[in-house]
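Asker: Fold the following, please.
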Amino acid sequence: MLRFKLEQLHLQSLERWFLPLPKLGKGSLSVLSEHLEKGGFGVRRGGGQAKLLATKGSMRISVDGKLGLASSGGDMLDVVGPAIPKLIETGGRETISGPMDVSSLYFSVRRSRGLTRLQVFPRLESLRTWTSLRGEGLCGLTPDEAAALKSALGGADPAGTVACVTASPRDGSSPFQVGAKVYFRSELPLGEFLSSLRVMGSGGSDSSFLPRDSVVEVRGTPVQGRAAAAELGEWCLVRPASER
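Answerer: Purely as a prediction, here's the structure:
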């Protein structure tokens, strides 16, 4: 049995497919490059060797290893999907063991007089992609990203509040429209935000989401602002210290 689930998203408004990947170290990217070359793709590395571009005929696949995301104008599940068990195996050998702090892969933290601002670094849930996701009723937050947020916020007082976006109105919410869909700028108790946070493949009328700028503002409670690799599952493959 495979211990992960592939979720590929097609955003019609962008005419693009997105496939979240583990966060890839140098060895894992080499494995993926070799896999694509065996499939007849020409592969170029770039971005300090953290990115690759694979082309075959009219198909182009862009991979950001640090972020953990592949994107293409066409369906790439059958092309990239078979490589993922090997990527996880290779990444597991690259991963530094123990309760390593991987917060910097997922967010940065700023604190000021009772307010904590987490700038989240999601694969898909930000800016232009965020708008397309909300307009099409989809969610791009991956399980390891949700786990990192819950690790960062889980030790705080659940009665603290979080500024976020919700799919249904709450007391004091303000509505806004994305395409044909209506969402709400809301402030939720921290516990409610964490329990309703939507991830890829899930649904629910009471879902909460990151704001468009991916900044989570938490008031009224101290926040630890840390996430450990051991808490995120095998989908987070931490780059070796020599690559950071």
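Asker: where does this protein have its least confident helix or strand?
Answerer: Ranked by mean pLDDT, DSSP states H and E, the weakest helix or strand in the chain is helix 84-94, scoring a mean of 75.
Asker: what's downstream of that helix, the next helix or strand?
Answerer: Later in the chain than helix 84-94, the nearest helix or strand by DSSP states H and E is strand 107-112.
Asker: All the helices of the protein, residue numbers only.
Answerer: Secondary structure of the chain by DSSP state H: the helices cover 26-38, 77-80, 84-94, 127-135, 143-153, 190-196.
Asker: would you turn those helices into TSV with mean neighbour count and distance to Val223?
Answerer: For glycine as for every other residue, the C-beta is placed from the backbone atoms N, C-alpha and C. Putting those into TSV (neighbours: other CB atoms under 10 Å; distance: least, CB to CB, whole Å) gives the following:
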stretch	mean neighbour count	distance to Val223
helix 26-38	18	31
helix 77-80	16	36
helix 84-94	17	29
helix 127-135	18	23
helix 143-153	23	6
helix 190-196	19	9
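Asker: Now do the top strand by length along the chain: which elements does it pack against?
Answerer: If you go by DSSP state E, the chain has its longest strand at strand 181-189. The contact analysis (3 or more CB pairs under 8 Å, 6 or more residues apart in numbering; DSSP states H and E) places strand 181-189 against helix 127-135, strand 161-166, strand 174-178, strand 208-209.
Asker: would TSV of the helices of the chain with distance to Gly204 be doable?
Answerer: Shown next, in TSV, are these (distance: least, CB to CB, whole Å):
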stretch	distance to Gly204
helix 26-38	33
helix 77-80	25
helix 84-94	27
helix 127-135	15
helix 143-153	14
helix 190-196	7
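Asker: These: lowest mean pLDDT?
Answerer: For the helices of the chain, mean pLDDT drops lowest on helix 84-94, to a mean of 75.
Asker: Which one of the helices of the chain lies nearest to Tyr106?
Answerer: Across the helices of the chain, Tyr106 has its closest neighbour in helix 143-153 (4.0 Å, CB to CB).
Asker: what angle separates that closest one from strand 161-166?
Answerer: 160 degrees (axes from the mean of the first three to the mean of the last three CA atoms, to 10 degrees).
Asker: Contacts for helix 143-153, please.
Answerer: In this structure, residues lying in contact with helix 143-153 by CB atoms under 8 Å, 6 or more residues apart in numbering are 102-103, 105-107, 109, 118, 120, 122-123, 125, 162, 190, 194, 197, 199-200, 216, 218, 223-228, 231-233, 235-236.
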